[in-house]
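1. below are the sequence and a predicted model; questions follow.
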Amino acid sequence: MKQIKLSKRLLTVASLVRNGSVVADIGTDHAYIPIYLVQNGISKRAIATDINEGPILRARQNIIENGLRDKIACYVASGLDGIEPQEPTDITICGMGGELIAKIIDASSYIRNDGVNLILQPMTSALELREYLQNGFEIYNEKVVFEDGKYYQIICARYDGKPRKYTSVELEMGKINIESGEKIFLDFLEYTILKKKKILKGLIAGNCNTEKIEAEIRELEALR
Ligand SMILES: C[S@@+](CC[C@H](N)C(=O)[O-])C[C@H]1O[C@@H](n2cnc3c(N)ncnc32)[C@H](O)[C@@H]1O
């Protein structure tokens, strides 16, 4: 058995999973998250699912190599299909677009049960994911991670049925991130402003309307 070493992104995801949890990792691919969590005694058992056969073969191989066949159930499934009997307490959905993550959440009534925590790591469209979460989910923690030249957002949420309304910068950058004032967030903020300024330049060069992006830049700059 070899000890799984996670990347910074996945390690931060794992750090947000509760001690003593039963974790379900949706879109598991290599099953690194569940293997790490069970190996380190953070999760009692785990469920690793993926919509595609290839990743599940890879996941199964890794689970067997790590001697965790009796602790990690592994199968092909779309989203949270068939998850109820496994009764996960913590659900990780990582490395997909925010819109797909929102679709997966929307299709599951299990996710709305009391005591179920979601740890979400959208590769793109964090704004759209937060927009979706406004409809009944409390965002109780957020993190920004920088790895291999890229920024990643991690969003922890749980269902409480209450609607919320975030501002446009809160949707894009995360209210908890903004309030944290952490250095990593401030770096991410500067990176985002710079990215938008590049887009603005392109719009000016193409004689396009720049009102929207200029307003976005102003709102982001006000967070400095
Ligand atoms: C880029 S990988 C991310 C792997 C891992 N979660 C990570 O963050 O490193 C995305 C995985 O999600 C799976 N996937 C895509 N849509 C899915 C769905 N609706 N339900 C379950 N898995 C899905 C893909 O097959 C793929 O293996």
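-> Received it, and whenever you're ready, just let me know what you need.

2. strands of the protein, start to end?
-> Listed in chain order, the strands of the chain (DSSP state E) span 21-26, 43-50, 72-76, 90-96, 117-122, 135-147, 150-163.

3. which residues sit against the second one?
-> Contacts to strand 43-50, defined as Cβ atoms under 8 Å, 6 or more residues apart in numbering, come from residues 17, 20-29, 31, 34-35, 37-38, 56, 59, 63, 71-77, 83, 86, 88, 90. (C-beta placed from N, C-alpha, C; glycine too.)

4. go through it and flag the buried ones.
-> Within strand 43-50, the residues that qualify as buried are 43, 45-50, counting by 16 or more other Cβ atoms under 10 Å.

5. biggest helix in this protein by residues?
-> Longest helix of the chain, by residue count under DSSP state H: helix 183-205.

6. format the CA atom coordinates belonging to that one as CSV.
-> The C-alpha trace of helix 183-205 is given here as CSV (Å, rounded to 0.1, in the frame of the first residue of the first chain):
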residue,chain,number,x,y,z
LYS,A,183,-3.4,37.2,0.8
ILE,A,184,-4.3,34.4,-1.6
PHE,A,185,-7.7,36.0,-2.1
LEU,A,186,-6.1,39.5,-2.7
ASP,A,187,-3.8,37.9,-5.3
PHE,A,188,-6.7,36.2,-7.0
LEU,A,189,-8.5,39.6,-7.0
GLU,A,190,-5.6,41.3,-8.7
TYR,A,191,-5.4,38.4,-11.2
THR,A,192,-9.1,38.7,-12.0
ILE,A,193,-8.9,42.5,-12.4
LEU,A,194,-5.9,42.1,-14.8
LYS,A,195,-7.8,39.5,-16.8
LYS,A,196,-10.8,41.8,-17.2
LYS,A,197,-8.6,44.7,-18.2
LYS,A,198,-7.2,42.6,-21.0
ILE,A,199,-10.7,41.8,-22.2
LEU,A,200,-11.6,45.5,-21.9
LYS,A,201,-8.6,46.3,-24.2
GLY,A,202,-9.9,43.8,-26.8
LEU,A,203,-13.4,45.3,-26.6
ILE,A,204,-12.0,48.8,-27.1
ALA,A,205,-9.9,47.7,-30.1
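
7. quick one: list the elements packing against it.
-> Based on contacts counted as 3 or more Cβ pairs under 8 Å, 6 or more residues apart in numbering; DSSP states H and E, the elements that helix 183-205 packs against are strand 135-147, strand 150-163, helix 168-173, helix 175-180, helix 211-221.

8. thought K143 was touching A14?
-> No. Here K143 does not reach A14: they are 11.7 Å apart, not a contact under Cβ atoms under 8 Å.

9. what parts of this protein come near the ligand?
-> Residues of the chain found near the ligand (Cβ under 6 Å from any ligand atom) are 26-29, 50-52, 55, 78-79, 94-96, 100, 104.

10. can I have the buried ones of those as a PyMOL selection?
-> A single PyMOL command selects the buried members of the residues of the chain next to the ligand (16+ other Cβ under 10 Å):
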select buried, resi 26+27+28+29+50+55+79+94+95+96+100+104
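
11. break the protein down into its structural domains.
-> Using automatic domain parsing, the domain ranges for the chain come out as 8-166, 181-224.

12. just send the ones you listed back as TSV, with mean pLDDT too.
-> As requested, these are exported to TSV (pLDDT from 0 to 100):
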stretch	mean pLDDT
domain 8-166	98
domain 181-224	97
